[in-house]
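**Student:** model this:
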Amino acid sequence: MNAAANHFSYSRHNSSGFTLIELMVTIAVMAIIVSIAAPSVSTQLANQRVKSTAATLESALKEAKVESLIRRQNITLTYNNNTTNVGTINITDDNSNQVATYQYDAKSIIKVGSTSIAFSPNKTAGATTYTICDSNTAAIGQQIEVTTVGLITTRAGGTC
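**Tutor:** I've put the predicted structure just below:
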């Protein structure tokens, strides 16, 4: 009887690895998840660039306003959407002396009618609204408004 039982038994191979099919299914699921997440990540990066550029511009505007009061002279802020590397924001005094320079990502775009604004020591400025956009059109724009009395406010929105 033992001989008959041994005749029909088969040996099992214990393996601790994964089969090729299991690995292929796992890779396919991961590829689907990555393809869904990739557009969201690029939009988030674009939104972060817009916010960063808006914060940089707001800081530069506030510095220009304060410098005009401290120096008791007109201070001018200009920007240049340099498409090669970085955009630049320059603050200069009445004698065209450089007061400060800021840089922002070249993928960010600042839109406004005039590329310069002047702050006076009597706490006034040219009323201007800046719209900050990104080369990725899915990004949400930011607006920075400067009133004639030099009040600087930031809000989300704007037409890019």
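**Student:** where in the protein is pLDDT low?
**Tutor:** By pLDDT under 70, the low-scoring segments of the chain are 1-15, 83-84.
**Student:** would you map the helices across the protein?
**Tutor:** Here the chain has its helices, by DSSP state H, at 2-8, 20-71.
**Student:** with mean neighbour count as extra columns, can I get those helices in TSV?
**Tutor:** (Glycine included, C-beta is placed from N, CA and C.) Shown next, in TSV, are those (neighbours: other Cβ atoms under 10 Å):
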stretch	mean neighbour count
helix 2-8	7
helix 20-71	15
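**Student:** how about the ones you listed in CSV, adding distance to residue 154?
**Tutor:** As requested, those are exported to CSV (distance: least, Cβ to Cβ, whole Å):
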stretch, distance to residue 154
helix 2-8, 81
helix 20-71, 6
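**Student:** quick one: which of those helices is nearest residue 141?
**Tutor:** Between residue 141 and the helices of the chain, the shortest separation by Cβ to Cβ is 6.4 Å, and it involves helix 20-71.
**Student:** sweet, I'm off.
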